[in-house]
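Peer 1: the amino acid sequence is not available; the structure is as follows:
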């Protein structure tokens, strides 16, 4: 099974990199197969369509991100420290991407939302599930911070969506300017949006392992 | 000159609607000309390339938006009321678009940023100029509010970028869910991000002409 699994993996990895760089619509199946070094016939053995490939790319990326977000947001440190770490790891990933390929590639889910969400319902549904799950994860932590008295929000879900919206908006600006500095505002803006008590010391130095 | 000007205008209007609906890469020149009812030969009379058309679409949209933003943000009412009106007019435009075509089409500039900014430098440059101008316009109003003592921000420019980021992020979510309710949070989040004094009465009812 080695060879066929390799082909599927190669197509997925190549497609993810190309979609990240140039979007979905600009790519053709033939180009993806050439770049992956896989015969075009193999493609349809693994994927029913280009849309099916896009969904597989989204699923693969989300599996990794969900694992990371769950690790960071379910740890046993204080809730606001977990949120801070999430935002810092997100910024660090964008910086690492820029250093390795020269451009801030942004958020695959945000990119595909603006490119595709009004075109394919299957992609839109998958992206909605992902943004729902992100809001759930962040909302749970905000709920814990609320119980601790560390933040003051009227609607936990809405606050979580606003944190996610700020994240997507700043990543959009970081991508446009090819400059990760907008991401430095994520944490102070998150604290502000949550009405966090300013006297709290959620400094980077105080983060265990941070 | 009537006929040729009409052809250029038809191509521009059609391209703007199609790009809004399906993005840039998914479109071909032939399709745009067919939809506009213009012979393909005419296209290259007016536009050197598809990229030149994209730039013209961006310029045309920005001319309208700049006029609107300037009208709202340069009026002589209090600074925060102007910001509120800007965010409310933005939300109203997205609602009107949804009512007329069934989907929230989002922000053309945000859409093209995530689809194209890493692909064509000319488009990226134009979009940077637009987001710079938006931050300038919003920053000027924040500066006035700061002078009035109505808000508390350490860095006017950074605060303006955060307002724009929140706007783009919430419009992204509104587009994904085809639901304009995320836009209802724009104004309260703006007040929060600006550290505005909560006792200020910037209610909708109090807006002159609002």
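Peer 2: Looks like it arrived, so ask away. Here the structure is a predicted model, which means the values were calculated and not measured.

Peer 1: and stretch A:115-135, anywhere near chain B?
Peer 2: Yes. Stretch A:115-135 comes into contact with chain B (C-beta under 8 Å from any C-beta of the partner chain), by way of A:115-119, A:124, A:127-128, A:131. All C-beta atoms are positioned from the backbone trio N, CA, C, and that covers glycine.

Peer 1: surely residue A:62 meets residue A:131?
Peer 2: No. With contact defined as C-beta atoms under 8 Å, residue A:62 does not reach residue A:131; the gap is 10.4 Å.

Peer 1: list residues touching both of those two?
Peer 2: Residues within reach of residue A:62 and of residue A:131 at once, by C-beta atoms under 8 Å, 6 or more residues apart in numbering or on different chains, are residue A:109.

Peer 1: how many residues are close by the closest residue to residue A:66 other than its chain neighbours?
Peer 2: Of all residues beyond its chain neighbours, the one nearest residue A:66 is residue A:133 (6.8 Å), with distances taken as C-beta to C-beta, 6 or more residues apart in numbering or on different chains. Using other C-beta atoms under 10 Å in any protein chain shown as the criterion, residue A:133 is surrounded by 15 other residues.

Peer 1: distance of residue A:133 relative to chain B?
Peer 2: For residue A:133, the distance to chain B (C-beta to the nearest C-beta, to the nearest Å) stands at 13 Å.

Peer 1: before we move on, what about residue A:168?
Peer 2: Distance from residue A:168 to chain B, by C-beta to the nearest C-beta: 4 Å.

Peer 1: show me which of the residues of stretch A:115-135 next to chain B is closest to residue B:100.
Peer 2: Nearest to residue B:100 among the residues of stretch A:115-135 next to chain B is residue A:118, at 14.0 Å by C-beta to C-beta.

Peer 1: dihedrals phi and psi, that closest one?
Peer 2: phi -90, psi 10 (degrees, to the nearest 10).

Peer 1: still on that earlier bit, pick out the most distant pair among the residues of stretch A:115-135 next to chain B.
Peer 2: Checking these with C-beta to C-beta, the most distant pair is A:119 and A:131, at 17.1 Å.

Peer 1: settle it for me: which of those two has more neighbours?
Peer 2: residue A:131 (20 against 16).

Peer 1: quick one: buried residues of the helix or strand where that one lies?
Peer 2: Assigned by DSSP states H and E, residue A:131 belongs to helix A:121-148. Neighbour counts over helix A:121-148 (16 or more other C-beta atoms under 10 Å in any protein chain shown) mark A:123-124, A:126-128, A:130-131, A:134-135, A:137-139, A:141-146 as buried.

Peer 1: next one: stretch A:52-70
Peer 2: Those buried within stretch A:52-70 under the rule 16+ other C-beta under 10 Å are A:53-58, A:60-62, A:65, A:69.

Peer 1: follow-up on the earlier one: the residues of stretch A:115-135 next to chain B into CSV, with extra columns for pLDDT?
Peer 2: Shown next, in CSV, are those (pLDDT from 0 to 100):
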residue, pLDDT
A:115, 85
A:116, 81
A:117, 75
A:118, 76
A:119, 79
A:124, 94
A:127, 96
A:128, 97
A:131, 98
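
Peer 1: low-confidence bits of chain A, can you list those?
Peer 2: Residue ranges of chain A with pLDDT under 70: A:1-5, A:197-210.

Peer 1: now the strands for chain A?
Peer 2: Using DSSP state E, chain A contains no strands.

Peer 1: domain ranges for it, per the record?
Peer 2: Domain assignment of chain A by automatic domain parsing yields the ranges A:1-47, A:50-198.

Peer 1: so which of those is the most surrounded?
Peer 2: domain A:50-198 (a mean of 19; mean count of other C-beta atoms under 10 Å in any protein chain shown).

Peer 1: helices or strands next to the helix holding residue A:131 in the packing?
Peer 2: Contacts defined by 3 or more C-beta pairs under 8 Å, 6 or more residues apart in numbering or on different chains; DSSP states H and E place helix A:121-148 against helix A:50-73, helix A:79-101, helix A:108-116, helix A:156-177, helix B:156-177.
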